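> Quick one, structure for this:
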Amino acid sequence: MSAPSTVREKGDHFLLFGLPRKLWIEMSALEKRFLELSWKLHPDKFVNASAEDQELSLKGSSELNDAYRVLRDPVARVEYLLEIEGMRKEGEHRQQAPPELLEEVFELNESLDELRDAKASGSDLASLKSRLESAEKNFQGKLSEVDAKLQETARRWDAAIDANASEADRKGIMVRMNELLNRRSYIRNLVTNVQKELL
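Got it, this is the predicted structure:
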């Protein structure tokens, strides 16, 4: 059996699935293509192949699984698009509080400190937990707002691709998506920290 032809060196996930670099993806079509490619690359098909072809099959299957995992997640898809467009480095998240949230973040951190102190001293936690649950709900709402803005900006990106927009226009949209991802990451970390303390 010949070497898997779909394997590339650190390939483009969109290209691997035969997709344009757009952010709206038909999930059933993505899954169907994933299953087709999985079947072609499956290591069992290369049992009698050379060691090199077996290695290529494993590598191709791994790349395909990674690509599928990224492309089926809307937020990971945006992060990946920005990464391959050179607008975001993998793992790069600016962790500074959005200015309009500074006061709420300060209050949240004070409440978290109070809860930790109360846990350490064995004090009553009910009112502190109630305050933190309310703050968590508030920040979950803010996370939903950011996700809605991210979806809207993703639609603008797709429209720009369809319209063959200028590089400057596309870059402006990517800058906005990057800002939203950074904001989302910050708020998500706040929510995670609160959830940990409430356990």
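
> how about the helix ranked longest in the chain: buried residues?
Assignment by DSSP state H gives helix 126-162 as the longest helix of the chain. Applying a neighbour-count criterion of 16 or more other Cβ atoms under 10 Å, one finds 128, 131-132, 135-136, 139-140, 142-143, 146, 149-150, 153-154, 156-157, 160 buried in helix 126-162. C-beta: built from backbone N, CA, C; applies to glycine.

> Same check on stretch 31-51?
In stretch 31-51, counting by 16+ other Cβ under 10 Å, buried: 33, 34, 37, 41, 46, 49.

> Using PDB, write out every CA atom in it.
Output in PDB follows, covering the C-alpha atoms of stretch 31-51 (Å, rounded to 0.1, in the frame of the first residue of the first chain):
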ATOM      1  CA  GLU A  31     -17.700  14.800  10.300                       C
ATOM      2  CA  LYS A  32     -18.300  13.000   7.000                       C
ATOM      3  CA  ARG A  33     -15.000  14.200   5.600                       C
ATOM      4  CA  PHE A  34     -13.200  13.200   8.900                       C
ATOM      5  CA  LEU A  35     -14.600   9.700   8.700                       C
ATOM      6  CA  GLU A  36     -13.500   9.400   5.000                       C
ATOM      7  CA  LEU A  37     -10.000  10.600   5.800                       C
ATOM      8  CA  SER A  38      -9.800   8.500   9.000                       C
ATOM      9  CA  TRP A  39     -10.600   5.400   7.000                       C
ATOM     10  CA  LYS A  40      -7.900   6.200   4.400                       C
ATOM     11  CA  LEU A  41      -5.300   6.900   7.100                       C
ATOM     12  CA  HIS A  42      -6.200   4.200   9.600                       C
ATOM     13  CA  PRO A  43      -3.100   2.400  10.800                       C
ATOM     14  CA  ASP A  44      -4.800  -1.000  10.300                       C
ATOM     15  CA  LYS A  45      -4.700  -0.400   6.600                       C
ATOM     16  CA  PHE A  46      -0.900  -0.200   6.800                       C
ATOM     17  CA  VAL A  47      -0.100  -3.300   8.800                       C
ATOM     18  CA  ASN A  48       1.800  -4.900   5.900                       C
ATOM     19  CA  ALA A  49       3.300  -1.600   4.700                       C
ATOM     20  CA  SER A  50       6.900  -0.500   5.200                       C
ATOM     21  CA  ALA A  51       7.800   0.900   8.600                       C
END
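
> Dump the buried residues of stretch 31-51 to CSV, plus distance to residue 110 and secondary structure.
Output for the buried residues of stretch 31-51, formatted as CSV (distance: Cβ to Cβ, whole Å; DSSP: H, G, I helix; E, B strand; the rest coil):
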residue, distance to residue 110, secondary structure
33, 50, helix
34, 47, helix
37, 51, helix
41, 53, helix
46, 59, helix
49, 62, coil
